[in-house]
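**Q** let's see this in three dimensions:
(2 chains)
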Number of protein chains: 2
Amino acid sequence: MQQVADRAGVSIATVSFVVNGTKYVTPATTARVRAAMRDLNFRGNVVARALASRRTRIIALLFPTTGNRFSPTTAQFFMSAAERASERGHHLVLWPVDPAGDDLDDLVSGGLVDGVIVMEVRMDDPRVAVLTSLEVPFTLIGRTRDSRGLPFVDIDFETTIVSSIDHLESLGHRRFALVLEDLEGTPMAGYAPHLRAQATFERVIAERGLVGQVAPAGAGSDGGRAAAEAILAADPDVTAVLVMKDDSSAGVLVGLYAAGRRVPEDVSVLSIASSATHADQHYPRLSTMVAPGRELGIRAADALIDQLDGVSDDLPHFLLPCTLRVAESTGPAPV
Amino acid sequence: MQQVADRAGVSIATVSFVVNGTKYVTPATTARVRAAMRDLNFRGNVVARALASRRTRIIALLFPTTGNRFSPTTAQFFMSAAERASERGHHLVLWPVDPAGDDLDDLVSGGLVDGVIVMEVRMDDPRVAVLTSLEVPFTLIGRTRDSRGLPFVDIDFETTIVSSIDHLESLGHRRFALVLEDLEGTPMAGYAPHLRAQATFERVIAERGLVGQVAPAGAGSDGGRAAAEAILAADPDVTAVLVMKDDSSAGVLVGLYAAGRRVPEDVSVLSIASSATHADQHYPRLSTMVAPGRELGIRAADALIDQLDGVSDDLPHFLLPCTLRVAESTGPAPV
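**A** Numbering: from 1, shown residues only, chains lettered A, B, ... in the order given. A predicted model of the protein is given here:
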């Protein structure tokens, strides 16, 4: 602003009055200030514009710095939300933050972003309290335990798990296992999708008189292989395995093969909340409950920008289940 | 600033003098302004700080909006660069941009970011010219055709391809294929890593009197499968396939199986510039030339922040080859 003031031959306060419209400035002086801003390419200066309008038109998608959690599904959320934000005149940037929320204050109270989308939500996510106290507009992709007063879009994990078991039960399966990421003792403990999936799985298994076990899997392919071994040790007659952990699904297949099981002749494998891209990178191609990543990304961007633009006072509560895509890894239960 | 001025009972110009240190202000007034800034939590205001210091301490990693190019290797570049930036007091954000560079002006001349890291570099990348003309500090992860005057860190694709062929030749292989992403007619045409890998592959094959073909692959698993079929049609005696395309490696395996070839007994498959995580999601686990994603991410962040801090006038030119990790998909050539 000093440069603009110097060039226009006015005080810095006068420049501020023109930019902010906070005080009357004569048309001649206003014209001189605007000319100086044009000459100095000040128009394009987002920082100055932010001071003027209190809007940067930048929104941040918060992503935890811990662990290697960036899956193809995450990428789909991000890219579709970014595309939608761009259509609506905003920039969406991916912002790595500490899962405890310690660095959020500096980010949002700094005035650099107009609003925030939060991903990888835990049941009692400390970031929600921090964002609420900072009074920054935000939307969750995910849900905390009690999300009544919070704007969110999320996968309907409850319906997704019920549909998964429906599909496999209709193929004659009665003995199930659910593979989830083992997050015990990590900063991501309490990750809401896992807890919702597990609770629904256990409820449906009990209600329908089926046999079921939950197997936590460690990292990567080795974790999947170990989980398959543990599942077969606990129930050698298991015929249906649900895998809600992209990086371990290949390992689960290998673990089953190593124990002499064929897929899907002996054991059906269903990938949960994943993508067709991921499914097709397996042999056999994985039957999958495909996550509505693209639609949820768009909805999340819309929900936040609606808040920012003040076009809606509604808190969006939008749930969408995964959709079944049958490929080669599920089939009739062996007789 | 108006609020600070009001609270301190001084003019906005005086606040500016205190913040910028551009003019003498009495100690008593300075103390009053600083107290008002503290009261209003002004210290944390990055926008104001940016106006004051011309630094936001935010750097952007530019990533093309086109196509679904976000691989685990990309995630590793990003997360390691973000971690390093954080250690050095900067925020690294992932910023989706048009590959043509049309929206760069608004981003960088806006003053929001102090500098830029560019990924997914093409031989004649229009973004480099735009960034140069905007005079914003930047570093490439990748190299243009002529990168002498540009700061870059990159995978040494030339050495990587030579080492790949060395490894397979030492196992007795003489008939090769290289699978690359088919980018003809897309905005990513001219993607530098492919052109460098292809040129080196063709040169080494010719120099050593080997047999070799280059097979462009379409998207995903289907693209890989089709590439495998095309390779076997062109050379039924091929025994070694290099795959430089993560999303197609599973399809290449399936295409080979479908044609009755075993891996590695009949055909060895070597994954190029990929990761151990990706390799272990295959059956058999892929032998891989592992990309130095973590080290390059750190180097890229360091190179840019060194520029910003003015601690180095050197343009970094840093090349690192992939390292061989032998798993289960390569073996002796059949006799």
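**Q** without its sequence neighbours, what residue ends up closest to the residue nearest to the spatial centre of chain A?
**A** With distances taken as CA atoms, centre = their mean, A:Met119 lies nearest the centre of chain A, 3.7 Å away. Setting aside the residues directly before and after it, A:Met119 is nearest to A:Ile141 in space (CB to CB, 6 or more residues apart in numbering or on different chains), at 4.9 Å. In short, each C-beta sits where N, CA and C put it, glycine included.
**Q** so what's the residue count around that neighbour?
**A** A:Ile141 is flanked by 25 other residues according to other CB atoms under 10 Å in any protein chain shown.
**Q** got a list of what it touches?
**A** Counting by CB atoms under 8 Å, 6 or more residues apart in numbering or on different chains, A:Ile141 makes contact with A:Phe77, A:Ile117, A:Val118, A:Met119, A:Val121, A:Phe152, A:Val153, A:Asp154, A:Leu296, A:Gly297, A:Ala300.
**Q** just the C-alphas of the strand or helix carrying A:Leu270, formatted as CSV.
**A** Using DSSP states H and E, A:Leu270 sits within strand A:268-274. In CSV, the C-alpha atoms belonging to strand A:268-274 read as follows (Å, rounded to 0.1, in the frame of the first residue of the first chain):
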residue,chain,number,x,y,z
SER,A,268,-15.4,-64.4,-1.5
VAL,A,269,-13.7,-61.0,-1.0
LEU,A,270,-15.6,-57.7,-1.1
SER,A,271,-13.7,-54.4,-1.0
ILE,A,272,-15.6,-51.7,1.1
ALA,A,273,-15.6,-47.9,0.4
SER,A,274,-13.0,-48.2,-2.3
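**Q** in its sheet, what does it sit against?
**A** In the sheet, strand A:268-274 lines up against strand A:240-244 (parallel), strand A:287-290 (parallel) (DSSP bridges).
**Q** dump these into TSV; add mean pLDDT as well.
**A** What follows is these, written out as TSV (pLDDT from 0 to 100):
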stretch	mean pLDDT
strand A:240-244	97
strand A:287-290	97
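**Q** what's the next secondary structure element after the lowest-mean-pLDDT helix or strand in chain A?
**A** Ranking every helix and strand in chain A by mean pLDDT, DSSP states H and E puts helix A:46-53 at the bottom, with a mean of 54. Of the helices and strands lying after helix A:46-53 in sequence (DSSP H and E), the nearest is strand A:58-64.
**Q** the following helix or strand past that next one near chain B at all?
**A** Using DSSP H and E, the helix or strand that directly follows strand A:58-64 along the chain is helix A:72-87. Yes - interface with chain B: helix A:72-87 contributes A:Pro72, A:Ala75, A:Gln76, A:Phe78, A:Met79, A:Ala82, A:Glu83, A:Ser86 (CB under 8 Å from any CB of the partner chain).
**Q** please point out which parts of helix A:72-87 sit buried.
**A** A:72-86 (16 or more other CB atoms under 10 Å in any protein chain shown).
**Q** quick one: A:Gln213 is in a strand?
**A** Yes - assessed with DSSP: H, G, I helix; E, B strand; the rest coil, A:Gln213 lies in a strand.
**Q** list the beta-bridge partners for it.
**A** Going by DSSP bridges, A:Gln213 forms beta bridges with A:Ala177.
**Q** Provide the backbone phi and psi angles at the residue nearest to A:Met119.
**A** Per-residue torsions, A:Ile141: phi -100, psi 100 (degrees, to the nearest 10).
**Q** hang on, the earlier thing: give me whichever of the strands paired with strand A:268-274 is most buried.
**A** strand A:240-244 (a mean of 28; mean count of other CB atoms under 10 Å in any protein chain shown).
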